[in-house]
Each structure stands twice: as structure tokens, then as C-alpha cells.
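Undergrad: give me a 3D structure for the following:
(2 chains)
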Number of protein chains: 2
Amino acid sequence: MTDARPYSPGLEGVVAAETALGKVEGERGQLLYRGYRIGDLVEHGTYPAVANLLWTGDWDPNHRLPTAPVPDAVMTALRALPSNAKPMDALRTAVSAWGATELLTYPPTPEQARGLTAFSPSALAAFARLRSGKEPIDPDPSLDLVPGFLYQLTGEKPDAGTARALDAYFIVGAEHGLNASTFTARVIVSTRSDLASAVSGAIGCLKGPLHGGAPSEVVEQIHQVGSVERAEQWVKDTLDKGERLMGFGHRVYRAYDPRAAALRKVAESMEHPPEWLALATAVEDVALRVLAERHPERALKTNVEFYAAPVLMGVGLTPDLFPATFALARHAGWTAHVIEQAADNRLIRPDARYVGPAERDLPA
Amino acid sequence: MTDARPYSPGLEGVVAAETALGKVEGERGQLLYRGYRIGDLVEHGTYPAVANLLWTGDWDPNHRLPTAPVPDAVMTALRALPSNAKPMDALRTAVSAWGATELLTYPPTPEQARGLTAFSPSALAAFARLRSGKEPIDPDPSLDLVPGFLYQLTGEKPDAGTARALDAYFIVGAEHGLNASTFTARVIVSTRSDLASAVSGAIGCLKGPLHGGAPSEVVEQIHQVGSVERAEQWVKDTLDKGERLMGFGHRVYRAYDPRAAALRKVAESMEHPPEWLALATAVEDVALRVLAERHPERALKTNVEFYAAPVLMGVGLTPDLFPATFALARHAGWTAHVIEQAADNRLIRPDARYVGPAERDLPA
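TA: Coordinates of the predicted model:
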């Protein structure tokens, strides 16, 4: 019996879900959350307001969400992890342990999403301190989520510019349609499982470099450039050697990545702009010009990672915390997709084609 | 711009992967692992031999795999969990914490699969004891995986018949093609993430009742029947009331579920058959006859859950441990699929159709 069904490796072009959350318009270079442009959201909103928009559909620019305390059971688990554990593994474990203590029910709710999104920054900050021999810091309920995260990470309340820059990063990272991790979260909850199962699965998926990327490579690249004066020569030398420039080009965006545009705008407005920033904008300007000269046929434009790296470095995060910080930002989108999936649920279960040995007897 | 792409809710009938592992033949009532019939594997093999077959393609009926110790960091996390945590949540957290301590590299290997499959029974047994105020028991390297799990759970080495019955359950639960949890594992590793991320995601997916099922309902049903003499009347009364008989019918199998057949055979050969068993076979015989009389047009046959429940009760497991024990058995298939996915990887990322508001300005 032959199997005539078409095989869709990677499910490319297969529509697996309908969503009212994120719309990615690659040709135009636009990203919409529930219809609102990402640039407008960064300009007028905060991450908690954007998360609330994704969960509920309501736009309240004054919506607040302080970070939440880490339950004792989860803190004990984080203390026990080896200091060389990867932050993504620690965050995935913390979210799973949180789910084990919360006894979550189905269907997932905005209240559950709020709870998890407020918990995870505290958990990541705690792990980052513990692995350096420092004690975790309790949430300060007077701070909103992103400055609260920075406070629990560093022990100091961030200045307004620093908090604003990271908040903008959280907004542009909050949601991006049906990527692999968001799809993972929807598949998991489609069995009527719970929110923590879905998000810990999504974190494990985002951990892969084909999805979470390698933001530390952009940092390394800016290190290599070293100074604004060297930018042009370095870009040309790198392309002459046939090496790839990090932070340019995107699978979907043919025009300038709207998230990069929003982050550049915020980065340029920072009160204490880090050295990285002047260098990053110089490298970007040179790189776009040289790339356009050499490859006019390609649409290589700056992508979000190019500016994410300077912003994350600028607020004091070490590169090995970048992927887990991206995961914190994506909590809003993951949890909103989980709520959306459960609201009109159908078990997600594709088929496989068997290509193994024909029926046979065991060897004697 | 209209979106003309076809929407495949649930991805039903979409071929998302090619696999040489499990082949489910619903019409014939056959299940093959790498071409070998499930009945033959149960008759001539053990769970470690079957797991090794799935990982490597080699059939060695004498292959052994004792359970592995729980790393200190993971045991600390398990001790910290509340005693009312769900066993599936505890197992998901343990696998995630194990991954955080193991520093797994990509691609996943049979050696990693062996390590995780040997670890998880010890972790679940430890949690089951800790929540009852008992101390965990170290692995006994002289015991193979399934008797080792029972020993660590109960503190007593199981008799041969009991171990054999649970081993058969592990074999029939090891693999079943591209169900939702196995698909989750493949999506996660398709980003070049790691084995523990994939399996902890799969556990979270299996936790949902639409996938992991509700084996405790079969136990409840047999409780209600009470005695062999009452079986016929109870079955008729239940159907008269329009209620559903648990453990009959399957989405794929139209003929007798080959896993149920293998389990009934083993259950009937148990040295100390539990009371459940006589009752279960009596209920099955009556139910199949009455169902065939009343619904000759339907192909309602016994499914694997019908015999899983008596076997799991028979070896001393409480119903709330059934789903997590199923997850232990499925480790072999999950990890084999993860290895297979990585060997010829392509990022799994379907599309979504946006059905939300059109582009709009933020409210003033």
C-alpha cells in the first residue's frame, strides 16, 4: 500500500492555527499586536500594558504588573542547581516547578498568565545571583515588571532610561506569530494540559539556536570592530573573507525589521548610552551601505538581534543571560497563545509517514 | 489581501515527519516497532531491549538497563515540591532539572537517551515515596529497569510475574508514532535544542487528558462492577443509562488493540493475578458481546487502557501514578524520535492565519 499523502517537512506554509494576536508583515516591515503597530506600542506603552493587551484585547497604557515572589519550593530547586547550569535550563526548571506548586487548572486564564509572567523574571534574577554566590532579592512591589527584574538582578533600582530600553526590548520580543516555541506551547495545551507545561515546553524549544538565535555573536562582533573608525574596514574585511555579518537579514522581513527600528530609536534616546551603542549604529550604517553595494539583489536589512545585543549589554546583562531574557519577554505571547488555543481547542496531532522496515519476525 | 492557504486545524492528515520507529496499522490491529510485531516483542523481549531497538535499530533481547541514581540537585528539588503536587508535574520538573545538571550537547545520542530513560523511574519513585513521608531508595544495579523501578517505589524486590506484567506495559507503551507528545518532542529538538528540553515538553503535553487519558476511570469502573457475577448486569445498566464504557474504542484501531491483546496475555500469566484481573476479563467478555449485539455497525473493541489499569493496579501503583508511569514507558519512543529528528533535521514551524483586527491607531 503506497502512501499518497503529501509530506510537509517542517510544515512550511501549512496553516496550523488562527490567531488574533500577532501579525507579521514581512514585505512591508510591519509587526502588529492585535492590530496596533509595534512602533506605536513601544512609544506609548510598557511591557505590562502590552502583555495585558495580548491577554485580554484591552489597551490600558497604565496597566501595571510588578514581579512576583518565587515560591519556597522553586527557590530551593534554584539553589540546588549547579552554578554552571544554563540560564535557559534553570528558567525551564523554575517554570515547571512553579506549575507543580500552583496546581493549575484548565482552561488557562489571564490571571494564570499574569502570575507566571510576573514570577519568571524573579526566578531568572534569583538564579543569576545564586550562581555568582549572591543572595536573591525580593520583589519591590513599587516597581513595574521590567525595572523590577533589573532591581532583583543587580540590587539597584535602574535609572529611567535603562529601564525604558529594556522595557522596549520586552515589548518587541513579546509576540511574533506562530514561531516554533509558540507552536510548541499550543500543541501542549491542545491536550488540555496546563499553562506551565506549555510555557516550560516553549522555553525548551526557544533554547535551540535555530530559534533563540545567538545574540552573543553580535556582542562578539562589536567587540571585534572595537571602534567607530575601524567599522568600515572591518565590515569589508569580514565580507571579503566570505564570513557572515551577524544581525542582518531575516527569514520573513524583507524591509527593515520594525523591531530593530523601534529598538534603535529607544537606544538612541537612552540617558546613559553605552559605548556599544555608538559602535552599533556606526556598524549598522556602514554594513547596510556595503551590503547594498555588493549585493543589490538581496534584501539584507538589520534584524532585531542587531539592536537587542546593545540594549541588553547596555542594561548590564551578560550575554549568557540573553536567551533567557528573550524568553521572559516572550512569556506574554506564549501565554496569550495558550489562552487563545484553549478558547477554541482542537487536539493538534499531525501524522507521520512510516519509512522503516516492513513487517518481519524477530531474529531467532 | 485574502489568505488563500488551506487551514488544517489540528493538522489532521498532514504528514509532518517520516519515521522508521513505530507503525500503527489501525484496520489490521497491528503495531510494529522497526517492523517487529508488538506481540512478539512482549513475548521475547524486555523494555530495555525494546528501548535499545528503538534507539539503535539493533535487536538484542539480553540488553540490560538498570535505573540510574537521581543527582543531588534533582533530589533536592523533588524534596522541596509540595506533597500534593501532581506526579506528572514532579516528573516534568525532575527531567528539566536533570537536563540542567547534565549540560547536554546537540545532537542527542543513544547514550543520552539511555541516561534519561534510566534516570526518570528513580525520580518518579523518589517523589512517590517523599510525598508519603518515606525516604527515597537508591537503585539496585542488579535489577533491570522495570523491576528496579518497582523496588525503588515499594522497597521490595518484585516477584517475577509482577515485574513481567509491568515490563509488558512498558513495552506496549514505549512508542506509538506521531502522537501529540512525540510531535512536541520533535518540534522542540528541531530548533537544535536538547533531549531534556524535548522530553520535559513531551511530559507536559502527555499530561493533558485528551492525550494521557484517564486510566483511573477504568479502575473506578471495575470498582463499580464489584464482582464477576454482577458484570453482565452492570454493563447493560450502564449502556441503558447512555453512559460510556471506559476502555473500549480507539481513534485508530478498528480491530482489537494489539497492545490490549499483549497485556491480557501477560496479565493472565501472572503468578499472583490480582482480583482486578478476573473482573477485568469478565467485564471485557460481557462488554464486547453486549456492544456487538447493540451496535453491530460500530467497531468498538477493547483498547490498551482497559488492560493497563488492571496491570498497573496489580503491581501496586495508585491510580494517580498511572499517567506518570505511562510517561516513563514512553521515554523510549520520545527519545528515539528526538534522535531520529536530529539525524535529518529541519526546523518545524507551521504558519498561522491572522484573524484579528486590521491595522489601527492606539486609542488617544
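Undergrad: least confident secondary structure element in chain A?
TA: The weakest-scoring helix or strand in chain A, judged by mean pLDDT, DSSP states H and E, is helix A:215-225 (a mean of 82).
Undergrad: which helix or which strand is home to the residue most central in space within chain A?
TA: Residue closest to the average C-alpha location in chain A (CA atoms, centre = their mean): residue A:326, at 3.2 Å. If you go by DSSP states H and E, residue A:326 is part of helix A:322-343.
Undergrad: distance of the residue nearest to the centre of chain A relative to residue A:306?
TA: 14 Å (CB to CB, to the nearest Å). In short, each C-beta sits where N, CA and C put it, glycine included.
Undergrad: got any ranges where the stretch 1-150 of chain A has weak pLDDT?
TA: A:1-4 (pLDDT under 70).
Undergrad: can you give me the helices for it?
TA: Assignment of helices within the stretch 1-150 of chain A using DSSP state H, counting those that start in this stretch yields the ranges A:38-44, A:47-56, A:72-80, A:87-102, A:110-130, A:145-154.
Undergrad: other SSEs contacting the longest one?
TA: Think helix A:110-130. Contact partners of helix A:110-130 among helices and strands, from 3 or more CB pairs under 8 Å, 6 or more residues apart in numbering or on different chains; DSSP states H and E: helix A:47-56, helix A:72-80, helix A:87-102, helix A:145-154, helix A:195-206, helix A:322-343.
Undergrad: give me the contact list for the fourth one.
TA: Put plainly, it is helix A:145-154. By CB atoms under 8 Å, 6 or more residues apart in numbering or on different chains, the residues outside helix A:145-154 that reach it are A:46-48, A:65-67, A:117-118, A:121-122, A:124-126, A:128-129, A:136-140, A:143, A:156-158, A:162-163, A:166-167, A:170, A:315-317, A:328.
Undergrad: now the buried members of these.
TA: Buried members of the contacts of helix A:145-154, counted by 16 or more other CB atoms under 10 Å in any protein chain shown: A:46-48, A:65-67, A:117-118, A:121-122, A:124-126, A:128-129, A:136-137, A:139, A:143, A:158, A:162-163, A:166-167, A:170, A:315, A:317, A:328.
Undergrad: circling back: the least confident helix or strand of chain A: what's the following helix or strand?
TA: helix A:231-240.
Undergrad: now do the buried residues in stretch A:278-287.
TA: Residues of stretch A:278-287 classed as buried: A:279, A:280, A:281, A:282, A:283, A:284, A:286, A:287 (neighbour count, 16+ other CB under 10 Å).
Undergrad: with stretch A:59-78 instead?
TA: For stretch A:59-78, burial by neighbour count (16+ other CB under 10 Å) applies to A:59, A:63, A:65-71, A:73-78.
Undergrad: now swap in stretch A:15-29 and tell me
TA: Neighbour-count burial for stretch A:15-29 flags A:15, A:16, A:17, A:18, A:19, A:20, A:21, A:22, A:23, A:24, A:25, A:29 (criterion: 16+ other CB under 10 Å).
Undergrad: contacting residues around the closest residue to the fifth one other than its chain neighbours?
TA: To tie it back to what came earlier, the one meant is residue A:19. Closest residue to residue A:19 apart from its sequence neighbours, by CB to CB, 6 or more residues apart in numbering or on different chains: residue B:352 at 4.7 Å. The contact partners of residue B:352, taken as CB under 8 Å, 6+ apart, are A:15, A:16, A:17, A:18, A:19, A:177, A:178.
Undergrad: wait, is residue B:352 part of a strand?
TA: Yes: counting by DSSP: H, G, I helix; E, B strand; the rest coil, residue B:352 falls inside a strand.
Undergrad: tell me which element the nearest residue to residue A:238 once chain neighbours are set aside is part of?
TA: The shortest distance from residue A:238 to any non-neighbouring residue, by CB to CB, 6+ apart, is to residue A:245 (6.2 Å). Assigned by DSSP H and E, residue A:245 falls within no helix or strand.
Undergrad: quick one: residue A:245 and chain B, what's the gap?
TA: 21 Å (CB to the nearest CB, to the nearest Å).
Undergrad: same thing with residue A:285?
TA: According to CB to the nearest CB, residue A:285 and chain B sit 29 Å apart.
Undergrad: over to residue A:218?
TA: Per CB to the nearest CB, residue A:218 is found 19 Å from chain B.
Undergrad: who touches that residue in this structure?
TA: In this structure, residue A:218 makes contact with A:246, A:247, A:305, A:306, A:308, A:309, judged by CB under 8 Å, 6+ apart.
Undergrad: so the last one sits in a helix?
TA: Yes: if the criterion is three-state DSSP, then residue A:309 is within a helix.
Undergrad: in the stretch 251-364 of chain A, where is pLDDT below threshold?
TA: A:271, A:274, A:299.
Undergrad: can you pull the residues of the stretch 101-250 of chain A lying near chain B?
TA: The interface of the stretch 101-250 of chain A toward chain B, taken as CB under 8 Å from any CB of the partner chain, is made up of A:101, A:103, A:106, A:177-181, A:183-184, A:187-194, A:196-198, A:200-212.
Undergrad: which among those residues count as buried?
TA: A:101, A:106, A:177-181, A:183-184, A:187-194, A:196-198, A:200-208, A:210-212.
Undergrad: so where do the helices sit in the stretch 251-364 of chain A?
TA: Assigned by DSSP H, counting those that start in this stretch, the stretch 251-364 of chain A shows helices spanning A:258-268, A:275-294, A:304-314, A:322-343.
Undergrad: with just CA atoms, put the first one into PDB.
TA: Going back to what we said before, that points to helix A:258-268. Provided in PDB are the C-alpha atoms of helix A:258-268 (Å, rounded to 0.1, in the frame of the first residue of the first chain):
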ATOM      1  CA  PRO A 258      10.300  47.100  12.700                       C
ATOM      2  CA  ARG A 259      11.600  45.800  16.000                       C
ATOM      3  CA  ALA A 260      15.100  46.900  15.100                       C
ATOM      4  CA  ALA A 261      13.800  50.300  14.200                       C
ATOM      5  CA  ALA A 262      11.900  50.700  17.500                       C
ATOM      6  CA  LEU A 263      14.900  49.500  19.500                       C
ATOM      7  CA  ARG A 264      17.400  51.800  17.700                       C
ATOM      8  CA  LYS A 265      15.100  54.700  18.400                       C
ATOM      9  CA  VAL A 266      14.900  53.800  22.100                       C
ATOM     10  CA  ALA A 267      18.600  53.000  22.300                       C
ATOM     11  CA  GLU A 268      19.500  56.400  20.800                       C
END
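Undergrad: tell me who's in contact with the spatially closest residue to residue A:95 that is not a sequence neighbour.
TA: Nearest residue to residue A:95 in three dimensions, chain neighbours excluded: residue A:200, at 4.4 Å (CB to CB, 6+ apart). Going by CB under 8 Å, 6+ apart, residue A:200 touches A:92, A:93, A:95, A:96, A:99, B:92, B:96, B:200, B:201, B:204.
Undergrad: try it again with 10 Å
TA: By CB atoms under 10 Å, 6 or more residues apart in numbering or on different chains, the contact set of residue A:200 is A:91-99, A:116, A:184-185, A:188, B:89, B:92-93, B:96, B:197, B:200-201, B:203-204.
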